[in-house]
Structure formats: C-alpha cells, structure tokens
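Undergrad: Pasting the sequence and the predicted coordinates here, then a few questions.
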Amino acid sequence: MAAHSRYHVSDDTAGVSKGILKNKLGIRSKKKLDAAETLLLADTYTHFFALLKEGELTFDLSLLFSIHQYFFTTLYDWAGKTRAVDISKDGMLFAPVKYLDRSLQAFKLTLQKNLPKSGDTKDTAARKLAVIHSEFNVVHPFREGNGRTIRLFLDLLIGSFGYNPIDWSKQPTTQYMRACVDGASGKHEAMKKIIKKGLTKVG
C-alpha cells in the first residue's frame, strides 16, 4: 500500500526514499507505514461520520480534499494537495499534472450532476456513485490514497440517504480493477453492479 511501486511515477525518486514514501514520522518499513495508514483511515472514518451525523458535510470537491488532508496530514507533507508528478498504474495513465486543474473542474461538474437525490432507486444511486467514482479515478489528483479517499466520500454520500458503507468485498479485487479500467473509458456498468451489490439500507 505504501510502497512507491503502487504507481509508475514520472520521477521515480519523487517523494520516495529506499522504496518507501517519505513521511513525517520517519517510518522506513512498508509494513509499519501500512499499519499507520490503516489506523489513520479508521480514525478518518470515525471523524467524518461524526460530522455526517451532525449534518455538517457538504458533498462537493472541497470535501474530498478535506478527507485526504485529515487522513494523511500526520504522515505526509502533501496531504490534501494535488500531486506534482504524473502517475500511471497497470498501463492506465491518470490526468497529467499540467491538466489537473482543468480535469478537477470538469470532475466538479460531473459530481454536481451525479449527486444522488432522495427518492432515487438503489439502481439509480449505484449508477450515479459509479460515475463519480470512475471520473474521480481518471483524475487521480493525489500522490497516494485516491481510492481510499473516494470510497470514504461515497460511503458518506450514500450514508446521508440511509445506507450502510458500501461493501466492496462482494466482488474480488481483480473485478474491481477491471471496472476501474472500464470507467476510464466512460463505461460505468461494471462499477455500478459492484456498488449496487454492496449497498444495503441501515437497519
């Protein structure tokens, strides 16, 4: 999770020391860094779901940056900031740095257009969440933690309509990754099916 081999980076040394992302705590073990991120993610879920319960969340682009900043600020200087390097994964190139601002503005419009509404069917809500997930994934604005950030955002968003957090384990990781690749081409059906299968109402 923490190793820089997760992505191919335009500058192989960018933010990396001996194969590990440089961090504020000086952690040099991938296992320890992964464990730290896991604990921080759990705390981030607790924090933002408390805000959701208090009705203090607005589902916009700034919330994604707030989630990322809160999640990673203990570990990384780039928490809550757009990445400064081009990255790709499994042959999939994410938005180039020089187009990040433009890509984020386009995503902002996509997000506004696809926010679920009260009264949406489970199928409709899943389709909208799939579009948001896939379009954010194409942009990949952060150096690390993009997937965890968007999944928490979607959990909060659907939670505001009385659903439990999405159970992504209903499908194998390979199927999720294929759905991500499809989504990059504007094909959202596979991701919609994964999300719909993982949606359950509270109670």
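TA: Structure's in. What do you need?
Undergrad: make it CA atoms for all contacts and neighbour counts henceforth
TA: Noted.
Undergrad: Show me what counts as buried in stretch 81-95.
TA: Of the residues in stretch 81-95, 82-88, 93-95 count as buried by neighbour count, 16 or more other CA atoms under 10 Å.
Undergrad: Could I get the CA-only coordinates of it as CSV?
TA: Taking Å, rounded to 0.1, in the frame of the first residue of the first chain, the C-alpha atoms of stretch 81-95 are listed here in CSV:
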residue,chain,number,x,y,z
LYS,A,81,-2.7,18.8,-2.0
THR,A,82,-2.8,17.9,-5.7
ARG,A,83,0.1,15.8,-6.8
ALA,A,84,3.2,17.3,-8.5
VAL,A,85,4.1,14.2,-10.6
ASP,A,86,2.5,12.3,-13.4
ILE,A,87,1.4,8.8,-12.3
SER,A,88,0.1,5.7,-14.0
LYS,A,89,-0.9,2.2,-12.9
ASP,A,90,-1.2,-1.0,-14.9
GLY,A,91,-0.8,0.9,-18.1
MET,A,92,-3.5,3.4,-17.1
LEU,A,93,-2.3,7.0,-17.3
PHE,A,94,-4.1,9.4,-15.0
ALA,A,95,-4.6,13.1,-15.7
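Undergrad: From the buried residues of stretch 81-95, pick the one nearest Arg143.
TA: Comparing the buried residues of stretch 81-95 against Arg143 with CA to CA places Arg83 closest, at 4.8 Å.
Undergrad: Can you get me a residue count around Arg143?
TA: Neighbours of Arg143 under the rule other CA atoms under 10 Å: 23.
Undergrad: nope, Thr58 is what I meant
TA: Applying other CA under 10 Å, I find that Thr58 has 10 neighbouring residues.
Undergrad: Does it belong to a helix, a strand or coil?
TA: Reduced to three states with DSSP: H, G, I helix; E, B strand; the rest coil, the structure at Thr58 is coil.
Undergrad: Look at it and report its pLDDT.
TA: According to the prediction, Thr58 has pLDDT 98.
Undergrad: rewinding a little: for the buried residues of stretch 81-95, work out which two are farthest apart.
TA: Most distant of the buried residues of stretch 81-95, by CA to CA, are Thr82 and Leu93, 15.9 Å apart.
Undergrad: helix or strand for the residue lying closest to Leu57 once chain neighbours are set aside, which one?
TA: Distance criterion CA to CA, 6 or more residues apart in numbering; nearest residue to Leu57, sequence neighbours excluded, is Leu51 at 6.3 Å. Under the criterion of DSSP states H and E, Leu51 resides in helix 30-53.
Undergrad: Ok, Ser88 next?
TA: Assigned by DSSP H and E, Ser88 falls in strand 87-89.
Undergrad: Quick one: list the elements packing against that strand.
TA: strand 8-9 (3 or more CA pairs under 8 Å, 6 or more residues apart in numbering; DSSP states H and E).
Undergrad: right, and the helix or strand after the strand it packs on?
TA: Taking DSSP H and E, what comes next after strand 8-9 is strand 16-17.
Undergrad: Roughly how far does the spatially most central residue of the chain sit from Val139?
TA: By CA atoms, centre = their mean, the chain has its centre lying nearest to Ile150, at 2.6 Å. Using CA to CA, to the nearest Å, one gets 11 Å for the distance from Ile150 to Val139.
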